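Asker: Here's my sequence, what's the structure:
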Amino acid sequence: MLVLLPPSETKSEGGDGAPLDLATLSFPELTPARERIATALVNLSGDLAASLAALGLSDRQVDEVERNAELFTSPTRPALQRYTGVLYDAMEIGKFTKAQRRRADGRLVVASALFGVVRAADPIPAYRLSGATVLPPLGGLRGVWRADLEKTLSTVDDLVVDLRSGAYANLADIPNAVTVRVVTEGAGGRRKTVSHFNKAYKGKLAAVLATVPREPGSVRGIVSVAKAAGMRLEPTGKLALDLVVE
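Answerer: Reported below is the predicted structural model:
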């Protein structure tokens with residue numbers, strides 16, 4: 001099973017790993033696209049005004065452009081430690097045992113505008129690039145990623161649980177992936193999509209799926225694992241689940 005997570009705009013600082021080497025990342029068939037985007041991002045950083053405009057940043061976020069300029073020279077750390085924010089906080093990665101971390105490293109994959117997808121243990125630097133960015137001179141990133149990323153994600157042998165957010169889901173379609181919607185249930189059973197705490201609930205679900213000793217291999221198995229963890233996960237279609245929360 002692969003649990004496909006969204007990335008985060010925020011990244012942790014520093015790291016003690018060697019500088020980025022694209023050839024060492026998982027899914028090596030994505031290396032050519034990664035090289036194109038990384039090169040364009042570094043080149044863009046040479047023009048501060050253009051970088052701020054393309055990345056949707058303010059004058060107070062110049063440090064984000066500096067990060068991109070140092071993409072190939074700054075230290076790296078595992079992707080699961082690089083990405084931060086609500087979803088990753090909710091996973092409580094620091095509480096994983098060694099056995100749980102090994103399972104998580106094998107099951108968790110993070111969607112990325114820069115790298116396509118990376119596994120939890122892949123060493124990456126801090127950077128700034130979102131899935132909705134139009135990156136000079138490449139244009140919209142869907143056009144760069146779609147063919148290669150769809151091929152990679154549709155041909156993996158594992159069951160894929162897709163927890164990506166909209167901008168990253170737009171980069172590539174995964175026809176056979178299981179999708180999860182976070183909802184509340186009101187009077188009469190009417191369900192409403194959760195927006196504010198969506199990431200936190202998906203983070204909790206991701207942690208459960210990533211660390212459970214017996215890996216589920218079907219939608220029914222995913223539902224059973226969630227139930228054992230006290231989570232209400234219900235099928236709404238062959239490959240669609242509702243995570244019902246209070």
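
Asker: for the protein, longest strand please?
Answerer: In the chain, taking DSSP state E as the definition, the longest strand is strand 178-185.

Asker: Okay, buried residues for the helix or strand bottoming out on mean pLDDT in the chain please.
Answerer: The least trusted helix or strand in the chain, going by mean pLDDT, DSSP states H and E, turns out to be strand 191-193, with a mean of 92. Judged by neighbour count (16 or more other CB atoms under 10 Å), strand 191-193 contains no buried residues. C-beta here means a position set from N, CA and C on the backbone, and glycine is covered the same way.

Asker: Next: stretch 220-238.
Answerer: For stretch 220-238, a neighbour-count test (16+ other CB under 10 Å) marks 221, 222, 223, 225, 226, 231, 233 as buried.

Asker: Helices of the protein, residue ranges please.
Answerer: 31-44, 48-55, 62-69, 79-82, 86-91, 98-107, 141-155, 166-169, 198-211, 219-228 (DSSP state H).

Asker: Let's have the ones you listed in a markdown table, adding mean pLDDT and distance to residue 5.
Answerer: Below are those laid out as a markdown table (pLDDT from 0 to 100; distance: least, CB to CB, whole Å):
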| stretch | mean pLDDT | distance to residue 5 |
| --- | --- | --- |
| helix 31-44 | 98 | 18 |
| helix 48-55 | 98 | 21 |
| helix 62-69 | 97 | 21 |
| helix 79-82 | 97 | 9 |
| helix 86-91 | 97 | 7 |
| helix 98-107 | 97 | 10 |
| helix 141-155 | 95 | 13 |
| helix 166-169 | 94 | 9 |
| helix 198-211 | 97 | 6 |
| helix 219-228 | 97 | 15 |
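
Asker: what would those helices look like in TSV with distance to residue 115?
Answerer: Shown next, in TSV, are these (distance: least, CB to CB, whole Å):
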stretch	distance to residue 115
helix 31-44	6
helix 48-55	17
helix 62-69	14
helix 79-82	8
helix 86-91	16
helix 98-107	16
helix 141-155	10
helix 166-169	12
helix 198-211	18
helix 219-228	26
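
Asker: quick one on the thing from earlier: widest-spaced pair of the buried residues of stretch 220-238?
Answerer: The largest separation in the buried residues of stretch 220-238, counting by CB to CB, is between 221 and 231 at 13.7 Å.

Asker: The least confident helix or strand of the chain pairs with which strands, and in what direction?
Answerer: With DSSP bridges as the test, strand 191-193 is paired with strand 178-185 (antiparallel).

Asker: buried set for the strand it pairs with?
Answerer: With the criterion 16+ other CB under 10 Å, strand 178-185 contains buried residues 178, 179, 180, 182, 183.

Asker: Can you give the contact residues for that strand?
Answerer: Contact with strand 178-185 is made by 159-163, 191-194, 197-198, 201-202, 205, 219, 222, 233, 236, 239-246, as judged by CB atoms under 8 Å, 6 or more residues apart in numbering.

Asker: again, but for stretch 228-241
Answerer: With contact meaning CB under 8 Å, 6+ apart, stretch 228-241 is reached by 176-181, 204-205, 208, 212, 219, 222-223, 226-227, 242-245.
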